[in-house]
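Asks: Please find the sequence and the predicted model below.
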Amino acid sequence: MNESLRALLNSVELLEIHMDGFVARTDDRALIRQGEGLRLLGRHDLDHFTITEETPARLEVRYAMGVMLAGQEKEEKSPPTTAGVIECHMVATYAVKEPLPEIQTVEEFARTSVLFNLWPYWRQFVQESSMRLQWPIIRIPLFKFTQATHPTSSASKDASSVTQKPPARSKKRAPVA
């Protein structure tokens, strides 16, 4: 890690993380037809970041994130069938206490630390949304750093990342003492 990134990491304070809209689309016929043969395809793209010059400076980083449940058609040359899509924009806002860093340092911070901060919220949102949509439960893998400064996630997973819905819960409740 270079010194300018380390200085930025020591000078930022996370103020908030929020979601700025989302879209969920489903093709029930494809979802039923593909069943166990679904693959999980994901993306997370740095959309943009802005930094103000006030004191303390505010850094806002916006990511476009999405997952797709895809089934494979019988012919290998045909594109996969889209059974469902969940997409959203996630925004992280930081206060920057030190003098404004260089743009390259802010971009490196946005591609590593910000994505790392957003990831747990993204995982929870996808899992909860898939349950509410009555899809197979989607479990996004943990965020992993493969090199010191370049994060990766499992962008393409097989059906092992998609589990079937849990059995319906009984409406009986345990008595409260």
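Replies: Perfect, I can see it now.
Asks: which intervals of this structure have sub-threshold pLDDT?
Replies: When the per-residue scores of the chain are filtered using pLDDT under 70, the ranges that remain are 1, 32-37, 72-78, 145-177.
Asks: The residue most central in space within the chain and Ala7, how far apart?
Replies: Compute the mean C-alpha point of the chain, and by C-alpha atoms, centre = their mean the closest residue is Trp122, 3.8 Å away. In this structure, Trp122 lies at 27 Å from Ala7, with C-beta to C-beta, to the nearest Å as the measure. (Each C-beta comes from the backbone N, C-alpha and C, glycine too.)
Asks: Equivalent analysis for Ala30, please.
Replies: As for Ala30, its distance to Ala7 is 49 Å (criterion: C-beta to C-beta).
Asks: what about Ala7, which SS state?
Replies: Under DSSP: H, G, I helix; E, B strand; the rest coil, Ala7 falls in the helix class.
Asks: got it, and Trp135?
Replies: The three-state assignment at Trp135 reads coil, by three-state DSSP.
Asks: and the closest residue to it other than its chain neighbours, how many residues sit next to it?
Replies: Leaving aside its sequence neighbours, Trp135 sits nearest to Gly84 (C-beta to C-beta, 6 or more residues apart in numbering; 5.6 Å). In terms of burial, Gly84 registers 23 neighbours under the definition other C-beta atoms under 10 Å.
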